[in-house]
Each structure stands twice: as C-alpha cells, then as structure tokens.
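Novice: what follows is a predicted protein model with its sequence.
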Amino acid sequence: MTNTQDITIIKIGGSVITDKNIPFSLKEDVLDDLIDQIQKADQKCIIVHGAGSFAHPLAKEYHIVSGRNNEIEDQIIGLIKTHNGVAKLNSIILNKFLEKKIPAMPIQPSAVFYQKRFPSGNLITVLIKLLDLKITPILYGDIIFGQENDFSIISGDKIIEEICKQFVDSKKPPKYRIRKVVFCFDEDGLYIEDADKKKKLLSNIEHTKIDSIKFFNLGLKIDVTGGILGKLEETKKICKLKIPVQLINGKQKNFLLKALQQQKIPSTTIY
Ligand SMILES: Nc1ncnc2c1ncn2[C@@H]1O[C@H](COP(=O)(O)OP(=O)(O)OP(=O)(O)O)[C@@H](O)[C@H]1O
Ligand SMILES: C=C(C)CCOP(=O)(O)O
C-alpha cells in the first residue's frame, strides 16, 4: 500500500521579487524572506517562479508570444535573450536555496515542454524522484518551442496547471497529492469592485463564479502572459482538478509560512 504525501506548489511571482517595469530589478530582501519561510515550513513542495522584469520586457520587445516573425530584427537572438533573462533569475534563486543548504534542482521548461504539453511524460517521473530524494524542484516561466508559429512563451502559471494535470492523471498509485497551489504576488489577493466602485478584497470564491465578478482595475504592468487575467484562466483549470488555489501577498511578513501551515491570512482562496 502507498502512503500518499501532500505537496504544495508555490509560485514565486515575478511581481513580488522584481519590479516588473524596471528591467532586471531584483527585490532581493523579498526573495530572501520567501525562501526563509519555505525553509521554516519544512514541507515538500514544487517551486515555480515567474520571469518578472528579467524576461517580460524582452519577450515584449521581440514579440515572442506570437511566434516567428521575419519582420522583427534579430528575433531569434531576442528569443534566446528572453530565455537567458529568466534563466539568470533562476540561477540567482537557485543560489539562494543552496546558500541556505536547501537542496533544490532547476528544471528548464523550454527543454521539457513542447507546445504547452509534456512530450512523453518523463517530467512527472523526474519530479517524483526529486521529491523522493527530498530535493525541491524549481521550474519557471520560459520560452517554448512548438510546431505552431515555431515558438512562444509558457507562463509559470500554465506550467503549474500542467503539473497538476499530470499528477491527477497519473495512472500510478498516488505517492504525492497536490494539496494546494499558492500564488505569491504583490497584492493581498484578488480585488473586486464593490457597489461604490471601491476596491474590496475577495476572501474566497468558487472557480465557476469567477467569470461573473467585476474586477477592480489595479493597472497594467509589462506582462506578456496576461497578468492577473491569465493567472485566473489557469486557476480555473487547476480548481477543476479539485486543487484549491490561494492568492497571497508575498511581501507580507510570514504570509507564505502561514499559508503553508494553513493559518488564516488576508488572501483569496479559489476552489
Ligand atoms: N483586480 C486585481 N486584483 C489583484 N491583482 C490585480 C488586479 N488587477 C490587476 N492586478 C495586478 O496583477 C498583477 C499580478 O499578475 P502578474 O501576472 O503580474 O503576477 P506574477 O505571477 O507575480 O508575475 P509574473 O508573471 O512575472 O510571475 C499584480 O501586480 C496586480 O497589481
Ligand atoms: C516571459 C517569460 C519568459 C515567462 C513568463 O512567465 P510568467 O512570468 O510566469 O508569466
């Protein structure tokens, strides 16, 4: 008989560890603090981080999302620069884990995913092996190759949805069960517009009701993967798999730790 162990997927959002409007601007203190909380929680997890200002501006400049376009000068160089930007952020994050002696292993999504799908299902086997070895896998939003338009961008949020699907679909006895997905970003959660058109934090909502709510507009930052709306699209798919999603503020002291310990914090839970 297999004992099923709970794991949490944590998205370290680019909005919380970088200033998305200033290229290559790392918020090192926030990153350090988030990793400290992950260490304190001492739970099995998979980390996925966003690209923030290390790659969104480059992806925008070279029009990477819409694929190959011969009219864009040096687009292929721009494609690789986009990958290199987020890979640099990944290397910074990995070094932080290693400095704290937390075993973590980066997985390069552009070498694993093809056309937003797993090629042959090896990733799940590798993830399970890493978890067995008490190694924390770290993935990230990246460029992605495919038949259609040759290449595009895969967001960290989409990667999370794909991982959730693979764990749920796995025919093997469930060694690991994804307990919840925690998105750390730079707001306390999802803001809606109240009757007076003022902003109000939504504490929880069923995923089927998301399309019928009126969001408060907190403005746009440089983002090629749809910002908060893209995140909600992936969230709906994750919730359909019966995995709850919690949107939390990664800048607030110990919010991530409390979310991992199932303590109450101001946040939005979508189920
Ligand atoms: N109604 C809203 N409620 C909450 N956040 C909102 C809302 N409207 C806009 N936003 C903005 O959406 C952003 C979060 O989406 P974004 O995709 O940038 O997050 P992220 O996952 O941290 O970034 P990255 O994709 O770089 O990893 C926040 O910076 C926030 O200000
Ligand atoms: C822009 C790139 C390379 C990845 C985007 O991933 P996200 O920051 O999770 O949306």
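Specialist: That came through fine. Nothing here was measured: the structure is a model prediction, and the numbers come from that model. Ligands and ions are numbered 1, 2, ... in the order given.
Novice: pLDDT score assigned to the closest residue to ligand 2 within the stretch 101-250 of the chain?
Specialist: At 1.9 Å from ligand 2, G141 is the closest residue in the stretch 101-250 of the chain, using C-beta to the nearest ligand atom. Placement of C-beta: from N, CA and C, glycine included. Per-residue confidence at G141 stands at 98 (pLDDT).
Novice: residues near the residue nearest to it when sequence neighbours are not counted, how many?
Specialist: Distances taken as C-beta to C-beta, 6 or more residues apart in numbering put G156 closest to G141, at 3.9 Å, once the chain neighbours are dropped. Counted with other C-beta atoms under 10 Å, the neighbours of G156 add up to 26.
Novice: and for the one 10 residues further on?
Specialist: A count of nearby residues for Q166, using other C-beta under 10 Å, gives 17.
Novice: does it lie in a helix or a strand, and which?
Specialist: If you go by DSSP states H and E, Q166 is part of helix 156-169.
Novice: can stretch 200-213 be said to contact ligand 1?
Specialist: No - with C-beta under 6 Å from any ligand atom as the criterion, ligand 1 is not reached by stretch 200-213; the gap is at least 8.3 Å.
Novice: stretch 92-104 now?
Specialist: No - applying C-beta under 6 Å from any ligand atom, one finds stretch 92-104 out of contact with ligand 1, separated by at least 12.1 Å.
Novice: got the buried residues for that stretch?
Specialist: Buried residues in stretch 92-104, counted by 16 or more other C-beta atoms under 10 Å: 93-94, 96-97, 102, 104.
Novice: residue boundaries of the helices in this structure?
Specialist: Secondary structure of the chain, counting by DSSP state H: helices at 14-17, 28-41, 56-61, 75-99, 109-112, 122-132, 156-169, 227-240, 255-260.
Novice: please identify the deepest-packed of these.
Specialist: Highest mean neighbour count among these (mean count of other C-beta atoms under 10 Å): helix 14-17, with a mean of 28.
Novice: any bit of that one sitting next to ligand 1?
Specialist: Yes - on the criterion C-beta under 6 Å from any ligand atom, helix 14-17 is in touch with ligand 1 at 14-16.
Novice: what is the nearest of those to ligand 2?
Specialist: Using C-beta to the nearest ligand atom, G14 comes nearest to ligand 2 of the residues of helix 14-17 next to ligand 1, at 4.5 Å.
Novice: residue contacts, that closest one?
Specialist: The contact partners of G14, by C-beta atoms under 8 Å, 6 or more residues apart in numbering, come to 20, 49-54, 56, 141.
Novice: nearest to K258 among those?
Specialist: Using C-beta to C-beta, H49 comes nearest to K258 of these, at 20.2 Å.
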